[in-house]
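Visitor: Generate coordinates for the sequence data below:
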Amino acid sequence: MKNTLIVIVAIIVFLLLYFLQVNFFNWFNIAGISPNLFVIFILFIGLFAGKRLGIPMGIFLGICLDFFINKKIGISGIMLGLIGGLGGILDKNFSKDSRITIIIMTIVATALYEIGVYILNIMLLSITPEIIPFAKILSIEILYNILLVIIVYPILQKTGYYIEDAFRGNSILTKYF
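Guide: Have a look, this model is predicted:
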């Protein structure tokens, strides 16, 4: 029951993030580029709830995102599923208590997502690759995501540990032995 409620709240948070992404951050962008809140959200789900929730939530929310925004259904679903899995893998290898570690995870996740989406769009939509503009967009988006993670990290950490306790219970120490 508790896990189902957390998943429902995560979907509501996704809708709130969608509203922020589409409306609020269109006003507050840097050089026309807004942050990718969905990458941060799915990364934190993967980090705190594990791969078993991170991958399906990433795929489901990515398909919803594709349905609302993109031309091809499935591109964001694939990449957000990978980000959810990456969060579960990084959880076992790194500490979630260090802001520097979280910032590095955010950099890797944002770069992986954007590069993957760019490559899939080139392959599926026959878009002409333009490396310099893409590198500019990627670097600004990474900086924007880092800034947001630094600001909201305490809230994400408290919420994340609550989610981790609900999904993993008292078996948290068994992953180290």
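
Visitor: so where's the protein shaky on pLDDT?
Guide: In the predicted model, the chain carries pLDDT under 70 at residues 1, 70-71, 169-177.

Visitor: Mind naming the longest helix for it?
Guide: Ranked by residue count under DSSP state H, the longest helix found in the chain is helix 131-168.

Visitor: Okay, helices next: where are they in this structure?
Guide: Remark: helices of the chain, listed N- to C-terminal, are 2-19, 25-27, 37-49, 51-68, 75-93, 99-125, 131-168; assignment by DSSP H.

Visitor: now the angle from the longest helix of the chain to helix 75-93?
Guide: For helix 131-168 against helix 75-93, the angle between stretch directions is 60 degrees (axes from the mean of the first three to the mean of the last three Cα atoms, to 10 degrees).

Visitor: quick revisit: mean neighbour count, the helices of the chain: which tops it?
Guide: helix 37-49 (a mean of 26; mean count of other Cβ atoms under 10 Å). (Each C-beta comes from the backbone N, C-alpha and C, glycine too.)

Visitor: ok, for the most centrally placed residue in the chain, nearest residue in space, not its chain neighbours?
Guide: Closest residue to the average C-alpha location of the chain: residue 39 at 2.1 Å, with Cα atoms, centre = their mean. Closest residue in space to residue 39, ignoring its immediate chain neighbours: residue 113 at 4.9 Å, by Cβ to Cβ, 6 or more residues apart in numbering.

Visitor: now stretch 50-59, how far from the centre of its chain.
Guide: Averaging C-alpha coordinates over stretch 50-59 and over its chain gives two centres that are 11 Å apart (Cα atoms, centre = their mean, to the nearest Å).

Visitor: got the CA coordinates for it in CSV?
Guide: Included here for stretch 50-59 are C-alpha records, laid out as CSV according to Å, rounded to 0.1, in the frame of the first residue of the first chain:
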residue,chain,number,x,y,z
GLY,A,50,16.6,1.1,-7.1
LYS,A,51,16.5,-0.3,-10.6
ARG,A,52,13.3,-2.2,-10.1
LEU,A,53,11.4,1.0,-9.8
GLY,A,54,13.7,3.4,-11.7
ILE,A,55,13.6,1.5,-15.0
PRO,A,56,9.8,1.0,-15.3
MET,A,57,9.1,4.6,-14.1
GLY,A,58,11.7,6.0,-16.5
ILE,A,59,10.1,4.0,-19.4
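
Visitor: Pull the contacting residues for residue 28.
Guide: In this structure, residue 28 makes contact with residue 34, judged by Cβ atoms under 8 Å, 6 or more residues apart in numbering.
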